[in-house]
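Visitor: I need the structure of the sequence given here:
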Amino acid sequence: MIQEELTKEDKDRVLNCDYYQLVKNIMKSHETYKNFKVGDVFFIKYNKVYVSRIYGGKRDKFMVFYKDENDFVFIKRINANGKLGKEVQCLTTQYPSPTYEIEPDPEYLDSILFENESEYDPLKAEKELNKLKSRARRKNKKLELIFDNDAEAFNAIKQFKVGDVIYDTKTTYGEGIMEWTVTKVIKRKTDYSERKLNSWSNKVVKGATYEDSMHVLSGLSDFCQIDIECKHEKPKSRKYSSKKRTINFSAFKKYGNIYYKSKPYTIDDVQ
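Guide: Modelled structure (predicted):
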């Protein structure tokens, strides 16, 4: 039987058949990925952007750890600790070609080119990177403006004056550093005036403002808060961070943002 030319309506119906387009895409991906072998290491791109668990962060590295009898390829991420993660993904179905691009790990390609593939350790680079991160963290720990109690934290913040500089980061190993300049210092007595907690409650608390109440609860009769501003271009990984903040002694406690008294170390500084 000779197949007749389909009408436009029939073509549309064919394309809308359940799972038709999905299966076709999987078949294309299967053909593209079927020659991958266990141990292959690569990066994945989508619209020229590397796949990463952290927005704007370091690109994730993946390794083929299993292929089934039908040549479907399964991958795991190589974590920052230099070990394979637990999450299992099917490269064939979850990252269909050509929507996603595969970029081989250059170190893996070099090992093949120089015929020393047996010496290639796909986890080595991540293990080395993890060592550098730990080294930077240890150095940055000594720079932290973190205090055990409210009195010590208050004593630290009241020492600041306009023009002083502090820092914070996106990670404790120095990624996404922002420099903050003190632009205003407010020092006065804590206002113990009573106020309603909110408009829909009759509960009354001591402290003319929320910040005053924080000082009251901490037994601080003196009040201090500072305005800080980032006057430099923000790193890409901090694009949504505000460039102005008002902070008080609570910013130097163990929870929340960590500030540093001098510029934190990065992994490049500790190599």
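Visitor: for P104, see how far away K45 is.
Guide: For K45, the distance to P104 equals 12 Å [C-beta to C-beta, to the nearest Å]. Backbone N, C-alpha and C define where each C-beta goes, glycine included.
Visitor: brain fart, N81
Guide: When N81 is compared with P104 (using C-beta to C-beta), they lie 23 Å apart.
Visitor: now A208. Nearest residue, chain neighbours left out?
Guide: Once flanking residues are discounted, A208 sits nearest to D191: 3.8 Å by C-beta to C-beta, 6 or more residues apart in numbering.
Visitor: count the residues that sit near the one you found.
Guide: Using other C-beta atoms under 10 Å, D191 has 16 other residues around it.
Visitor: any idea which element it lies in?
Guide: Using DSSP states H and E, D191 is not contained in any helix or strand.
Visitor: show me what contacts it?
Guide: Neighbour list for D191: G207, A208, T209, D212, F223 [criterion: C-beta atoms under 8 Å, 6 or more residues apart in numbering].
Visitor: do the same with V73
Guide: Listed by C-beta under 8 Å, 6+ apart, the contact set of V73 reads Y33, K34, F36, V64, Y66, K67, C90, L91, T92.
Visitor: who wins on neighbours among these?
Guide: T92 leads the contacts of V73 on contacts (other C-beta under 10 Å) with 26 neighbours.
Visitor: what does the helix or strand hosting that residue contact?
Guide: Element membership of T92, judged by DSSP H and E, is helix 91-94. Outside helix 91-94, the residues that touch it by C-beta under 8 Å, 6+ apart are I26, S29, H30, Y33, F36, F62, V64, F72, V73, F74, I75.
Visitor: what's the farthest-apart pair in those?
Guide: I26 and F62 (18.6 Å; C-beta to C-beta).
Visitor: quick check: I177 vs G256, distance?
Guide: Counting by C-beta to C-beta - I177 and G256 are separated by 17 Å.
Visitor: oh sorry, the question was meant for F62
Guide: Counting by C-beta to C-beta, the gap from F62 to G256 is 34 Å.
Visitor: the more surrounded of those two?
Guide: Legend: neighbour count by other C-beta under 10 Å for F62 and G256, higher for F62 (24 against 11).
Visitor: report the contact partners of the more buried one.
Guide: F62 touches V41, F42, F43, I44, I75, K76, R77, I78, Q89, L91, counting by C-beta under 8 Å, 6+ apart.
Visitor: confidence score at the residue nearest in space to the middle of the chain?
Guide: Centroid-nearest residue in the chain: I54, 3.7 Å away (criterion: C-alpha atoms, centre = their mean). Looking at I54, its pLDDT is 74.
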